[in-house]
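**Student:** next come a sequence and a model predicted from it.
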Amino acid sequence: MSYREGIDFKLEELEQQSYEGVDLSQHKADDLNTMWRNTLEAGMHGICFSLYEDGQEPGDMITVSQVERRIMILKPFTKWIRSFSCIEGNEHIPRLAKKHGLQTMVGAWLGDDNKKNKQEINALIELANEGNVDIAAVGNEVLYRNDLSLDELIDYMKEVRSAIPAHIPIGYVDAYYEFSSHPELVEHSDVILSNCYPFWEGCPEEYALPHMQSMYGQAMDAAKGKRVIITETGWPSKGENLNGAVPSETHAKQYFINTQAWAKDSNIEVFYFSSFDESWKVGPEGEVGAYWGLWDKDENIKFSL
């Protein structure tokens, strides 16, 4: 996800709300590192899988060995893995995650190429019928990119729903407000898959937790009682500022600690974005795109003690 013009942080919307995160104001840098590491080692509900090594990009064929190496790095820290595509090596992610005892949210990447969309949908159906999918995500931010119409997207959702076992929930991933704007998405989803990024709305880190909670609340309102999962949220450790949102190691650590504490205390399902830094994301997002990982591009854990 990246910046969307017209979707900006507004402090006045939070002034009447009271949310409390972890009090980090008195902690020194070393203390914060320890808290971050302890939070990570306590385990996450889920994490978004970063597939590409330095020098790779979407479209490259990725090997089983590369995927398995990264699965093994993440396995001690998470219960779920989320993938974004079902072809070009991405199909290895759910198969290997299940092999190693992890649960899977598996995404079909949809765009404006109908031939490739069909490949993605067929591969998602195959993976689900193999028993490698716990939640099927049919598309990611397709409406934002204007790659498909709402009707075209819903047709793909219907196709997947009819072709996989009934016990596997299906949904569509997009920003939290899309489900309010398009109630048809809720109607055709078994689960609401909501991206919630205070950073991309220019929110200062000190207000990020309540702002993210407000995003989640809007998705909950739109869901009409259906299960809501935060499919992406995170904070970059380096890069360009976006209005009041400042990338830094300190802010990345604080946001991770607060998000995980709130998620566990409130029993919220969160997939953190992301596992590893990916250099290719500089293209679509600028420098900041390369620094969302909890591990760096060389698979070293960040903020070590």
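**Tutor:** In hand now; what should we look at?

**Student:** host element of the spatially most central residue of the chain?
**Tutor:** For the chain, the residue nearest the mean C-alpha position is E232 (2.5 Å; C-alpha atoms, centre = their mean). Per DSSP states H and E, E232 falls inside strand 227-233.

**Student:** just checking, what packs against the very next helix or strand once past that strand?
**Tutor:** Remark: after strand 227-233, the chain's next helix or strand is helix 249-266, criterion DSSP H and E. Counting contacts by 3 or more C-beta pairs under 8 Å, 6 or more residues apart in numbering; DSSP states H and E, helix 249-266 packs against helix 29-42, helix 208-223, strand 270-272. Quick note: C-beta positions are derived from backbone N, CA and C, even for glycine.

**Student:** tell me the most buried of the ones you listed?
**Tutor:** Among the helices and strands packed on helix 249-266, judged by mean count of other C-beta atoms under 10 Å, the one packed with the most neighbours on average is strand 270-272 (a mean of 26).

**Student:** mind giving me the packing neighbours of the helix or strand just after that one?
**Tutor:** Once strand 270-272 ends, the next helix or strand along the chain (criterion: DSSP H and E) is helix 282-285. Here helix 282-285 touches no other helix or strand, going by 3+ C-beta pairs under 8 Å, 6+ apart.

**Student:** ok, now how distant is Q66 from K99?
**Tutor:** 15 Å (C-beta to C-beta, to the nearest Å).

**Student:** meant to ask about G286, not that
**Tutor:** 36 Å.

**Student:** element containing W80, please.
**Tutor:** Going by DSSP H and E, W80 is part of strand 78-83.

**Student:** partners of the strand holding E232 in the sheet?
**Tutor:** strand 191-195 (parallel), strand 270-272 (parallel) (DSSP bridges).

**Student:** quick check: mean pLDDT across the last one?
**Tutor:** Mean pLDDT, computed over strand 270-272, is 98.

**Student:** okay, now the unreliable bits of the stretch 1-150 of the chain?
**Tutor:** 1-29 (pLDDT under 70).

**Student:** which residues in it form strands?
**Tutor:** Here the stretch 1-150 of the chain has its strands, by DSSP state E, counting those that start in this stretch, at 44-48, 78-83, 103-108, 135-140.

**Student:** give me the contacts around the last one.
**Tutor:** Identification of contacts with strand 135-140 by C-beta atoms under 8 Å, 6 or more residues apart in numbering yields 82, 84, 104-110, 121, 124, 128, 148, 153, 156-157, 160, 164, 168-174, 191, 193, 229, 231.

**Student:** wait, which of the helices and strands packed on helix 249-266 is closest to K238?
**Tutor:** K238 lies closest to helix 29-42 among the helices and strands packed on helix 249-266, at 15.6 Å (C-beta to C-beta).

**Student:** now do that closest one and strand 78-83, the angle between them.
**Tutor:** Orientation of helix 29-42 against strand 78-83 (axes from the mean of the first three to the mean of the last three C-alpha atoms, to 10 degrees) gives an angle of 80 degrees.

**Student:** now the angle from helix 29-42 to helix 249-266?
**Tutor:** 40 degrees.

**Student:** mind saving the C-alpha coords of helix 29-42 as PDB?
**Tutor:** Taking C-alpha atoms only, helix 29-42 is exported to PDB below (Å, rounded to 0.1, in the frame of the first residue of the first chain):
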ATOM      1  CA  ALA A  29      17.300   3.200  23.300                       C
ATOM      2  CA  ASP A  30      18.700   0.000  24.800                       C
ATOM      3  CA  ASP A  31      15.400  -0.600  26.800                       C
ATOM      4  CA  LEU A  32      13.400   0.000  23.600                       C
ATOM      5  CA  ASN A  33      15.500  -2.600  21.700                       C
ATOM      6  CA  THR A  34      14.900  -5.100  24.500                       C
ATOM      7  CA  MET A  35      11.100  -4.400  24.500                       C
ATOM      8  CA  TRP A  36      11.000  -4.800  20.700                       C
ATOM      9  CA  ARG A  37      12.900  -8.000  20.800                       C
ATOM     10  CA  ASN A  38      10.800  -9.400  23.600                       C
ATOM     11  CA  THR A  39       7.600  -8.500  21.700                       C
ATOM     12  CA  LEU A  40       8.900 -10.200  18.600                       C
ATOM     13  CA  GLU A  41       9.900 -13.300  20.600                       C
ATOM     14  CA  ALA A  42       6.500 -13.500  22.300                       C
END
